[in-house]
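> here's my sequence, what's the structure:
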Amino acid sequence: MGWLWESLNSSIGKKIVMAVTGIFLIIFLIVHLIGNITLFFGPDAFNGYVSTLDVVKPLIRVIEVVLLAVFIFHIFNGLRLWLENKKTQGGKFFGKYRVNASSENSSFSSRTMIISGSIVFIFLVLHLGTFFWRFNVHDPQGYADTHQYFFIVSELFGIWWYSALYVIAVLLLGFHLNHGFQSAFQTFGWNNKKYFPLIQKFGTVYAIIMALGFASMPVYFFFFYGGNL
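The predicted model follows:
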């Protein structure tokens, strides 16, 4: 298995790992957003959706382990690629996160991938420590015990600083996704001049939908469910 490790540890191998894990996370975000849209249809719709997931909890736990592994690989390889690129550019902090040397990777989002990724990671830890913890481990209000998950969401998004942080984080996630989507296709060689502009536009639309979709939830709950400044 030494050859496999050497392949994955090469520069190209690390980029392939980033692309594969990135696509996996892109798909996960789509599924996650679709499920969370049930929040806009009231308590019964969202509680019913989460309760349905409880029925297949063993499968969900397996998926969560896979997701954790994907996140770890994605973050680990992203840091290694950034450090290598920083070293190549003489220690310049805002060096570009590149798949190749083309000028197509000189956007603002590409230059700040490590920053947006780091902030999104910090937010992810906070997100898991609130929603995931209260849904699956311990909810001091007892909502999870009676499958009233909607009110956990309502309570957390009623906190102004949490809602503000959530909105900022998902907007940064949009920047991160915009470049990451294009980078994944470039890594697999799908950067044909004829089709790549379409991929870029599709990636931008996807990033906007994800950012605004997730950002709309704390805004909705804060203003329509009695948030406190």
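
> contacts and neighbour counts: CA atoms only from here.
Noted.

> averaged pLDDT, stretch 122-133. What do you get?
The pLDDT scores in stretch 122-133 average 90.

> stretch 152-163 too?
Averaging pLDDT residue by residue across stretch 152-163 gives 94.

> got the end-to-end distance for that stretch?
13 Å (CA to CA, to the nearest Å).

> mind listing what's buried along that stretch?
Across stretch 152-163, burial judged by 16 or more other CA atoms under 10 Å covers 152-154, 156-160, 163.

> just give me how far that stretch sits from the chain centre.
Offset of stretch 152-163 from its chain centre (CA atoms, centre = their mean, to the nearest Å): 20 Å.

> cool, stretch 182-200 as well?
21 Å.

> now do the buried residues in that stretch.
Residues of stretch 182-200 classed as buried: 182-187, 191, 196, 199-200 (neighbour count, 16+ other CA under 10 Å).

> any idea which element the residue nearest to Gln200 when sequence neighbours are not counted lies in?
Distances taken as CA to CA, 6 or more residues apart in numbering put Gln182 closest to Gln200, at 5.9 Å, once the chain neighbours are dropped. Assessed by DSSP states H and E, Gln182 sits inside helix 160-187.

> so which elements touch that helix?
For helix 160-187, the packing partners by 3 or more CA pairs under 8 Å, 6 or more residues apart in numbering; DSSP states H and E come out as helix 11-36, helix 108-111, helix 113-127, helix 149-157, helix 196-224.

> how many neighbouring residues does Val137 have?
Val137 has 10 neighbours, counted by other CA atoms under 10 Å.

> dihedrals phi and psi, Trp190?
Note on Trp190: its backbone torsions stand at phi -90, psi 60 [degrees, to the nearest 10].

> surely Phe222 touches Ser163?
Yes: between Phe222 and Ser163 there is a contact under CA atoms under 8 Å: 7.3 Å.

> shared neighbours, those two?
Common neighbours of Phe222 and Ser163, using CA atoms under 8 Å, 6 or more residues apart in numbering, are Phe157.

> mind saving the C-alpha coords of stretch 25-40 as CSV?
Output of stretch 25-40 as CSV, limited to C-alpha atoms (Å, rounded to 0.1, in the frame of the first residue of the first chain):
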residue,chain,number,x,y,z
LEU,A,25,-19.3,18.1,0.7
ILE,A,26,-21.0,20.0,-2.1
ILE,A,27,-23.5,17.2,-2.5
PHE,A,28,-24.0,17.0,1.3
LEU,A,29,-24.8,20.7,1.5
ILE,A,30,-27.5,20.3,-1.2
VAL,A,31,-29.1,17.5,0.8
HIS,A,32,-28.7,19.4,4.0
LEU,A,33,-30.3,22.6,2.6
ILE,A,34,-33.2,20.7,1.1
GLY,A,35,-33.9,19.1,4.5
ASN,A,36,-33.6,22.4,6.4
ILE,A,37,-36.1,24.1,4.0
THR,A,38,-38.8,22.2,5.9
LEU,A,39,-38.2,24.8,8.7
PHE,A,40,-40.2,27.3,6.6
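
> I figured Leu177 hits Val205, correct?
No: using CA under 8 Å, Leu177 makes no contact with Val205, being 10.2 Å away.

> now do the same contact list for Tyr220.
No contacts exist for Tyr220 under CA under 8 Å, 6+ apart.

> okay, it and Tyr143: tell me how far apart.
From Tyr220 to Tyr143 the distance is 20 Å (CA to CA).
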